[in-house]
Structure formats: structure tokens, C-alpha cells
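Undergrad: for reference, the sequence and a predicted model appear below.
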Amino acid sequence: LRVSKASYIDKMLLVTDAPHVVRIYAGEEDGAPCVFGLALVRDGVVFTSGILAEEEDQPPLTLQLDVEEPILDCIELQCCTWAESGNRVEKRISYLRLSCASDSLVFGKAHAAGFDGSNGLYSEVERAKGKLLLSGIGYFDNKPITLQVVDLGLDCKDAVDAMNTCVYYDQGVISTNCIRSRQQDVEFKESIATEDDKVWEVLLGCMDAVENSSPSYGELLPNAVNLLERSLGGDINTTHAVFRLDRFLTYTIQEKKNLKTFENDHLNFYAKLIPMKQMWGIFANTIERIKCINTQQPDLHSFSFAFLQGSDSNKLQAIFVFLTQALLLSLALMHIKKEYDENALEFLSPLRVLVSVCATIVVIFMVKQRMENFANFANIFPEYRGTWMYFLDGLLTIFGGVLVTLSTFALLMHTSDDMDLVLNATALLFVLELDEVMVDSSPVAIAAIYRAYFTKEIMNALKQSDKRYWDPVYLRKKRGELYRIHLPSCSFYFTE
């Protein structure tokens, strides 16, 4: 037999949004049923790949999933490798079953594993059950031959939230084509495809530290600094790859698999895989927060800036900015009261009322945007809650926002001069936004702030964890009798 390629996978379609319709285009090749193409549908967008020639007597097989929660319950897949003319070896999907809560899709039929006595060699039927999502499809000669799947876990309470934060990342697209350099690993070594293959180099570097260095976590940032930098720069491929590898480490440990990508099989011991997972999990949690920052783009102001920097001078600046804003708002209220006492609605006109209403509505939208920014920052940085900076920020954003909205309308209604009306339309809003003016909002400066903060957070998280995770000598003592393994959390329970 003549094998034309080192691996049959020559293209990987990495899915980055949840399709709620799956269509399979099938036909016959050399007298046997074969899947030629797939179509994924999400919100009216159809992403197709492969050969989608629809025969009149064989329409595409279609599976309709729940639009709000497009989860599969079971996936079964079997492939056939056969000898074509000229002893050329080819591969195809011979059996595929996709099941959800309300429906199922079946292509072909399952065969006994092994040689069929003719010219076909069938694989074992691969089967997965749980809360399953498609995360990748592998192709050979433009025909799908394998699926990459994520299991959210039966204990997953909010599947939609897990899909958005852990699997599909809110990118709003169906998928992306990815030509990789790890075809043999993915097909023959039970590995996965990733958008950025640099994560595997980082993994190998960190695994070497887990085996030989103490504390082993000291090598995480030197190895992963480029991944951190690219994620800060908004490189979504790197972000996706870090998350995929984190999920794969979890799967490998919980399912008691081996990472066959490692040249040395002695790295596939729990004493090394679990510390690696703990280390990578802390890094992936940081990348998830960076992903939220890139997605939501929260604006920084004096309070959030002081929180991130942590310096006394920045905190002092935030206090004086708050006092200035409070005093200016107080003066504005006193001025409005004075105007009301002297000429209560004396110069009222339809045009002035219209301008006052329209300007106030604009101010409402801008105040609402600031409130959303405040909430987004607090969600990304939960440690911000409970600080005095959070309290002052919330006081200014919520109470100050309501006060500015009401004061703007009252001030405009009591303004007699048309030019003063124009100037007063957004004057109070400037007072509310004074703290934003004090922060350098250039992309380079913002990236530097986040880089310094997250670097410290990663190191603090590693240092606060149990030090025995990072001591390879201790983990080798008594052949692992000093700890027990907790597979659901991929952690150790130390017995002494």
C-alpha cells in the first residue's frame, strides 16, 4: 500500500460560535457511503465546508438544535480506511450519529471494528456523551473525517454562560479555517488542534520546569510571556488556543488519558500533569479576564486606574478628583436654586423646552454608558468590589449620574441666554467625566497598566497556592503516597 500523506488531516475548521443547525451532505465513493461536506448554521449565517453537491434523491441530513441552548447529548463516529486503485490509501467517515434532546441525525451504519474481508479497515466506534459542543472539524481532501468536541460536564448549571465564556468566546462568527503543523499529533496521538501552535512550545517548556525546577511555577511567565502579550494585544487566536489547551489538560487528567505529544512518556504521571494543569489553569483564568477586557473595552478613570496601579500617589489623586467633582456639583446645585428663586421659568419658550429635553436625553444615554462601564470593570475585576475606590466610584457613577441628569434639565430650563444654553447643555457632564481626563488613554499606556497588573496577579495566585504542587522532589517521595488525587478538580489532597 502507498500512503500519500503522513496524516490524513490536511485542514481543520475550528468552530468559534454555537451552530443551531447541522447539515450533512453525503453520497457514495467507490460504492460505499461517504460524508462529503458539512454546513453549520447560526442566526441565519451558513458556514459551509467540503463538497456540498446536493443530489436530487438524497437531500442533506439535517439536525435542528435548540436555538438558545444548542447542545448535543451524544456523538458516535466511525471511520473507514480503504485501498483505492493503485494501492492508494484513503479515509472517510462511514458512520455518524448526532443526538440532541429532541432529535437525532444518523448517517451510515456501524461496522465491526477491523478488516471487513474486502478492502476496508474500520476503526472502533468512538462515542461521547454529556453536554457536548462542536469545537472543530478535521478534513481530508476536503471531506470531514473527524470531530473535535467539548464536554461542558453534567454538573454545568448555566450552559449558555459556559458556552460563551469557555468555548465560543462571543466572537459572533461560525468558524475559521486553520492549516496546522501538527496533523500527525492530532490524528494519531490523540491531541487537539489549536489556533496558535505556540501554546504547545510553552506547554513543553513548563513541563520541563514541573519535572526539574523548584518552585516550578517560576518558569511559567518566562515561557508564556509572549502568549500574554499577544492576548493583551487582542490576538483572538492566541486567546482561543490557551483556552483549548486548558480544557484539553482537564480532559486528559479526568479521563486518565496520556498526552502522547510528549516525547518522554514519563511526563504522563499525575505528579506532573496535575501541577501543570494547576499552573495553566491560573494562566488561562488571567487570559479569560483579558478576553473580557478586549471584548468590553472598559474605560479607565481615576478610581480604576488607582486600583490597578496601587500606588499612593494615584490613590491620592483619585480622592482629590472626587472632592473636586463633589464641590463642582454642589456649586451647580446652588446656582440652579438661585436661578429658580430669582426667575422661575421666566424665559420659558417651546424651543428652550425642546433643547432641554433633547440635551437631557443625551446626558441620560451617556450616564447609562458610564454605569455599564462601571459594572463591566467590577465584573472583570471582582477584587475591586469592597474597596473604598469602588465605593466612591459607585457613588459618583450612580448618585452623581442621577444628579447630573436632573440638574442638566433644571439648569437648561432656567437659562435665559441662548449661548449659555448651548454651553450648559453638557457642562455638568464634563464634571462627571473629569476623572477620565486624568488618565492616559493611549493604547500603549493602557496595555502597560494591564500587563503590570496581571503579571503580579499571576505570581500572587501561584505563590498563594499550596507550595507542594511546585516541588518535584516532594511529589516523587514515597512514590506518590503523600497525596491523593481528586479528578473532578484536577488537584491533589495532601495527606500530611
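TA: That came through fine. Numbers count the residues shown, from 1 in each chain.
Undergrad: low-confidence ranges, the chain, go.
TA: Scanning the chain with the threshold set as pLDDT under 70 gives 1-6, 50-57, 85-87, 170-174, 263-268, 339-348, 418.
Undergrad: ok, now which ones touch residue 230?
TA: Residues counted as contacts of residue 230 (CB atoms under 8 Å, 6 or more residues apart in numbering) are 196, 238. Where you see a C-beta, it was placed from the backbone N, CA and C, and this is true even at glycine.
Undergrad: let's see that with 10 Å instead.
TA: Each residue near residue 230 by CB atoms under 10 Å, 6 or more residues apart in numbering is listed here: 196, 198, 236, 237, 238, 239, 241, 242, 287.
Undergrad: top of these by number of neighbours, please.
TA: Tallying neighbours with other CB atoms under 10 Å puts residue 242 at the head of these, with 29 neighbours.
Undergrad: the stretch 101-250 of the chain: helices as residue ranges?
TA: For the stretch 101-250 of the chain, the helices defined by DSSP state H, counting those that start in this stretch occupy 159-162, 183-188, 198-212, 220-232, 236-254.
Undergrad: packing partners of the third one?
TA: Here helix 198-212 touches helix 220-232, helix 236-254, helix 270-296, helix 472-476, going by 3 or more CB pairs under 10 Å, 6 or more residues apart in numbering; DSSP states H and E.
Undergrad: out of the ones you listed, which is closest to residue 451?
TA: Distance to residue 451, taken as CB to CB, is lowest for helix 220-232 among the helices and strands packed on helix 198-212, at 5.9 Å.
Undergrad: tilt between that closest one and helix 270-296?
TA: Calculated by axes from the mean of the first three to the mean of the last three CA atoms, to 10 degrees, helix 220-232 forms an angle of 30 degrees with helix 270-296.
Undergrad: quick one, what contacts the residue most central in space within the chain?
TA: Residue closest to the average C-alpha location in the chain (CA atoms, centre = their mean): residue 169, at 3.7 Å. In this structure, residue 169 makes contact with 16, 17, 163, 236, 239, 240, 243, 288, 291, 292, 295, judged by CB under 10 Å, 6+ apart.
Undergrad: now the strand ranked longest in the chain: buried residues?
TA: Assignment by DSSP state E gives strand 126-140 as the longest strand of the chain. Within strand 126-140, the residues that qualify as buried are 130, 131, 132, 133, 134, 135, 136, 137, 138, 139, 140, counting by 16 or more other CB atoms under 10 Å.
Undergrad: closest one of those residues to residue 493?
TA: For the buried residues of strand 126-140, the residue nearest residue 493 by CB to CB is residue 130; the value is 25.1 Å.
Undergrad: I'd guessed the closest one sits against residue 150; true?
TA: Yes. Between residue 130 and residue 150 a contact is recorded at 9.4 Å, counting by CB atoms under 10 Å.
Undergrad: could the helices and strands packed on helix 198-212 go into JSON lines alongside distance to residue 395?
TA: As requested, the helices and strands packed on helix 198-212 are arranged in JSON lines below (distance: least, CB to CB, whole Å):
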{"stretch": "helix 220-232", "distance to residue 395": "31"}
{"stretch": "helix 236-254", "distance to residue 395": "34"}
{"stretch": "helix 270-296", "distance to residue 395": "22"}
{"stretch": "helix 472-476", "distance to residue 395": "49"}
